[in-house]
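In: Sequence and predicted structure, then a few things I'm wondering about:
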Amino acid sequence: MWRRRPGLRAVGNLRQLSTAVRRRITDEGDWSYASEWWGTESDGRVVLRSTSDKGNGVVSVAAFPASKPSKLHWAETERWLEKRYQEIDESHDYNEKFRVVGYEWRCLRFNDDTRQSTVKVLAAFRQSEPACFALMQQPHCLAVPYLKSMLSVGLASIACCDYNLKKVANGKETMRVLCIGHGGGSLPLFLASKLQGAMVDIVEIDPVVISASVQAMGFPAYSVMNPSGERAVSKPDIMDEVMWKGIHERLFLYESDAEDFTLKTNNVYDMIFIDAYDGEDIFPCKLWDTDSPFMKALSSRLHPNHGTVVVNLHSDCEVLNPDGSLPSILGQVLPMGKYVSQVCQAYKNVVVGSRNSGLGFTVSVPWICNMSMVVCRGFGINGGNIFRTKIIPNPLCALCGEHPETTEHCLLLCPWTSAVWFGSPLGYIPEKASITSSDAWLLAAYSNSGDLSHDNC
């Protein structure tokens, strides 16, 4: 859930904040497309409307036309669907044809006002059954900036905790992920589609939201779980298999309270993503109160060496009064803002605590009044692969890995280069005590007529 920055009413105005020259946009979820789906329900077509009894008020989904991909690319998608159909079962009719109806934005709202999620869906059908068309959410399309922020800072952080994301992406290792708050399902669907080793549990308290994501927003129906822990659908239908085989088997969508689920599960998670605002735009206190059962259980549900938590919060850093208080006029606009610092400290205390290695930080999200908070274990100069991933340059010598990589060390004092000097015709043995700087050493060498013997230098 998010809010646009105060005073910025149009996407055109947002773009005026940047002086960079816009090149060809390849990201279908780029914020420049927000004008296509930001409008009111009257600007679109309401495809679902229901009342929630879980605090979300009226839950609705509105559809808006999407300009991308253009019709020129629909044939390519149809061929991909036909190829997938043949791969599912070789006994299928190879002459079966698929047709794309079009692409739409689907916007999930609470109480006809708060935009909870926005996704892009593909509508397609088989020619043999034209009356039965299916919706497929586009997992690569992240329409809202805070989702990209949560994913990028979260994955970058766990990669710095000596965790091999490359093997997870290739399916060689398994990564267990918990997503608290479902919405339209963009974040868990992105993880399952891009990381072949990701096993994603999703917890959503509101059955109306789950129904909306499956029926109107193209989320895989096979992912829905029943209270007993079994799949609600024993076998996916053929269209679900065509669209989601290899992905929906690794998605597990539970209707549950986050606190109850965390207390009952025995899973240990590598990553936990939390985006759990309700219909009143409030982040529940029990999800950040250090004395709550949820927060106490959270610590034991995280991997002890690299467990990483990412939380979506409404930002207050740009709107507070000089004394740190929230302006009265914004009291209803940013009800979460005044608690941000407390939330950050609470998660840092629970996740990192007294550990020697760990990190907590926040990142402001562009265009909208949100921030991504990350707290992770195992993040440290000596404990992670922060240098191997080249996120921060390694200050140690690349040859010996023991001393800072200064000019004097590289040219003279490193055991490897010292051996070269000694093995050369000069037979020179550099002495650390006599070498204060490379400049002083060179001057001494020249002043002694270029004789680099041990006695002169």
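Out: Happy to help now that I have it.
In: Burial check on the nearest residue to H182 once chain neighbours are set aside, number of neighbours?
Out: Spatial nearest neighbour of H182, excluding adjacent residues (CB to CB, 6 or more residues apart in numbering): E204 at 3.6 Å. Every C-beta, even on glycine, is put in place using the N, C-alpha and C of the backbone. Neighbour count for E204, taken as other CB atoms under 10 Å: 25.
In: ok, E204 - contacts?
Out: Residues in contact with E204 (CB atoms under 8 Å, 6 or more residues apart in numbering) are 181-182, 210, 253-256.
In: Looking at these, which is nearest G423?
Out: G181 (63.8 Å; CB to CB).
In: State the distance from the residue nearest the centre of the chain to L191.
Out: By CA atoms, centre = their mean, the mean C-alpha position of the chain lies nearest to L151, the distance being 1.1 Å. Separation of L151 from L191 (CB to CB, to the nearest Å): 8 Å.
In: same deal with M295?
Out: Using CB to CB, M295 is found at 24 Å from L191.
In: now do V208
Out: 24 Å.
In: cool, S364 as well?
Out: Distance, S364 to L191, using CB to CB: 23 Å.
In: more crowded one of the two?
Out: Taking neighbours as other CB under 10 Å, S364 and L191 compare with L191 leading, 25 against 13.
In: Touching, the more buried one and I202? I think so.
Out: No. Assessed by CB atoms under 8 Å, L191 is found out of contact with I202, at 10.1 Å.
In: Mind listing the shared neighbours of the two?
Out: Joint contacts of L191 and I202 (CB under 8 Å, 6+ apart) are C179.
In: can you pull out the strands in the stretch 51-200 of the chain?
Out: 58-65, 98-110, 114-126, 129-137, 175-180, 198-204 (DSSP state E, counting those that start in this stretch).
In: buried residues in the second one?
Out: Pointing back at strand 98-110 there. 98-100, 103-110 (16 or more other CB atoms under 10 Å).
In: can you list those in TSV and add distance to F273?
Out: As requested, those are exported to TSV (distance: CB to CB, whole Å):
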residue	distance to F273
F98	33
R99	36
V100	31
Y103	26
E104	26
W105	23
R106	21
C107	21
L108	17
R109	21
F110	19
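In: for stretch 52-64, which positions count as buried?
Out: So, applying 16+ other CB under 10 Å, buried residues of stretch 52-64: 52, 54, 56-57, 59-64.
In: Quickly check the residues you listed for the two that are furthest apart.
Out: Top of the distance list for the buried residues of stretch 52-64 (CB to CB): K54 and F64, 26.1 Å.
In: Next, the contact list for the closest residue to E405 other than its chain neighbours, please.
Out: The shortest distance from E405 to any non-neighbouring residue, by CB to CB, 6+ apart, is to C397 (4.6 Å). Shown in contact with C397 (CB under 8 Å, 6+ apart): 403-405, 409-410, 414.
In: Mind checking which of those residues are in strands?
Out: Using DSSP state E, no member of these falls in strands.
In: which among those residues gets closest to V375?
Out: P404 (30.1 Å).
In: Am I right that the closest one is in contact with L413?
Out: No. Look at P404 against L413 with CB under 8 Å: they stay out of range, at 10.4 Å.
In: would TSV of the buried residues of strand 98-110 with pLDDT be doable?
Out: Output for these, formatted as TSV (pLDDT from 0 to 100):
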residue	pLDDT
F98	93
R99	94
V100	95
Y103	97
E104	96
W105	97
R106	96
C107	95
L108	95
R109	92
F110	90
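In: burial of F273, as a residue count?
Out: When neighbours are counted by other CB under 10 Å, F273 comes out with 26.
In: Equivalent analysis for D260, please.
Out: 15.
In: ok, now H73?
Out: Neighbours of H73 under the rule other CB under 10 Å: 12.
In: For the remainder of this discussion, apply numbering that starts at 51.
Out: Done: numbering now begins at 51, and the last item shifts to H123.
In: From Q188, how far out is it?
Out: With CB to CB as the criterion, H123 and Q188 are 12 Å apart.
In: ok, back up a step: of the buried residues of stretch 102-114, which is the nearest to R165?
Out: A112 (9.6 Å).
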